[in-house]
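K.L.:
model the following, please.
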Amino acid sequence: MTVTSTILNNISAEDLYSLFKILEIQIAELKQNFELKTPTEYLTRTEAAQLLKCDLSTIHNWTKKGKLKPYGIGNRVYYKRSEIELVLIPLK
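P.N.:
Residues are numbered from 1 along each chain as shown. Just a heads-up that it's a prediction; the model follows:
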């Protein structure tokens, strides 16, 4: 373990304190604006149908009508869970 030391010349305790206060404010602002990025969850057609408690043909029809946006790799079809939840509308 190496020990290093820093000598501060020509700075008063009040100036050092104000610099630390500014740093503390900036860290607080960063904490407020920081958003933890959650990974995107992709669902298969079957999982999407289970989530919405509907048939696979309904998922197919909603996809053709543009209500659900499909994503694919090869010949596999996936849907973003967040987009499925956004499509749901509240009823009165």
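K.L.:
can you give me the helices for the chain?
P.N.:
Assigned by DSSP state H, the chain shows helices spanning 13-33, 45-52, 56-65, 81-87.
K.L.:
could I get the average pLDDT for the lengthiest strand in the chain?
P.N.:
Counting residues, the longest strand found in the chain (DSSP state E) is strand 76-80. The average pLDDT for strand 76-80 rounds to 97.
K.L.:
equivalent analysis for stretch 49-68, please.
P.N.:
Rounded mean pLDDT across stretch 49-68 is 96.
K.L.:
so for that stretch, first residue to last residue, what's the gap.
P.N.:
12 Å (Cα to Cα, to the nearest Å).
K.L.:
what of stretch 57-76?
P.N.:
Counting by Cα to Cα, the terminal residues of stretch 57-76 are separated by 16 Å.
K.L.:
who's in contact with that stretch?
P.N.:
Residues outside stretch 57-76 that contact it (Cβ atoms under 8 Å, 6 or more residues apart in numbering): 42, 44-45, 48-49, 52, 77-80, 83-84, 87. To be clear about C-beta, it is placed using only N, CA and C from the backbone, and glycine gets the same treatment.
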